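Q: give the three-dimensional model of this entry:
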Amino acid sequence: MTTPPYVAVIGASNATEWELASAERVGQLLAEAGCVLVCGGLGGVMDAAARGSAAGGGTSIGILPDDDRDSASRHLTVAIATGFGEARNVIVARSADAVIAVGGEFGTLSEIALALKMGKPVIGLGTWELGRDDLAKDPIVRTETPDDAVTQLRRLLPQMS
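A: Residues are numbered from 1 along each chain as shown. Purely as a prediction, here's the structure:
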């Protein structure tokens with residue numbers, strides 16, 4: 001049996017309407033593509049992505065910062081209470097085969113950096129730009145729409161059907 005791709009959708013809990021709509025569409029497209037959604041399990045982009053995954057009939061896993069599941073998005077299939085606070089960002093990044101960042105704040109930036117350090121592809125939809133004098137280019141694959149983000153994901157993850 002082949003394991004489906006696990007894709008983290010990351011972004012701000014205080015998200016804009018555009019970020020919420022984009023995350024929900026990404027979640028739905030991932031579900032339709034047979035991917036397992038991984039997220040931080042709370043509100044904003046995380047909740048919207050889980051809602052989209054549920055609408056698409058998918059599986060979503062929330063890696064919660066708290067030590068109980070009371071604050072989890074009601075749209076999650078599985079909520080894992082870690083009690084790790086922001087350190088749970090490492091688990092989100094490590095659990096995924098790839099990451100799609102939708103907007104985001106500093107927590108999102110940390111997940112992007114962790115994923116890149118782990119050698120995982122990161123697709124950006126209106127998110128941070130990374131630069132350093134010795135980098136030839138920003139390591140984030142830039143996209144404009146949720147559909148384009150999932151198209152790029154298919155290109156980067158050969159195990160996607």
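Q: mind listing residues that contact the longest helix along the chain?
A: In the chain, with assignment by DSSP state H, the single longest helix is helix 17-32. Helix 17-32 is contacted from outside by 7, 9, 11-12, 15, 37, 44-46, 48-60, 100, 102-103, 125-126, 145-147, 149-150, 153, using C-beta atoms under 8 Å, 6 or more residues apart in numbering. Any C-beta I mention is one placed from the backbone N, CA and C, and that applies to glycine too.
Q: those in strands, which ones?
A: 7, 9, 11, 37, 59-60, 100, 102, 125 (DSSP state E).
Q: between those residues, which is nearest Gly119?
A: Closest to Gly119 out of these is Val7 (15.3 Å), distances taken as C-beta to C-beta.
Q: PyMOL command for the buried members of the contacts of helix 17-32?
A: Per 16 or more other C-beta atoms under 10 Å, the buried members of the contacts of helix 17-32 correspond to this PyMOL selection:
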select buried, resi 7+9+11+12+15+37+44+45+46+48+49+50+51+52+53+54+56+58+59+60+100+102+103+125+126+146+149+150+153
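Q: in the sheet, who's paired with the nearest residue to Thr151 once chain neighbours are set aside?
A: Closest residue to Thr151 apart from its sequence neighbours, by C-beta to C-beta, 6 or more residues apart in numbering: Thr143 at 7.9 Å. Counting by DSSP bridges, Thr143 is bridged to Leu125.
Q: quick revisit: now the longest helix of the chain - C-alpha only, CSV.
A: Provided in CSV are the C-alpha atoms of helix 17-32 (Å, rounded to 0.1, in the frame of the first residue of the first chain):
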residue,chain,number,x,y,z
GLU,A,17,-10.4,37.0,4.0
TRP,A,18,-8.2,36.3,1.0
GLU,A,19,-6.0,34.0,3.1
LEU,A,20,-9.0,32.2,4.5
ALA,A,21,-10.6,31.7,1.1
SER,A,22,-7.2,30.6,-0.4
ALA,A,23,-6.5,28.1,2.5
GLU,A,24,-10.0,26.6,2.2
ARG,A,25,-9.5,26.1,-1.5
VAL,A,26,-6.1,24.6,-1.0
GLY,A,27,-7.5,22.2,1.6
GLN,A,28,-10.3,21.1,-0.7
LEU,A,29,-7.9,20.6,-3.6
LEU,A,30,-5.5,18.6,-1.5
ALA,A,31,-8.4,16.3,-0.3
GLU,A,32,-9.5,15.8,-3.9
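Q: do you know how far Ala15 is from Val122?
A: Per C-beta to C-beta, to the nearest Å, Ala15 is found 18 Å from Val122.
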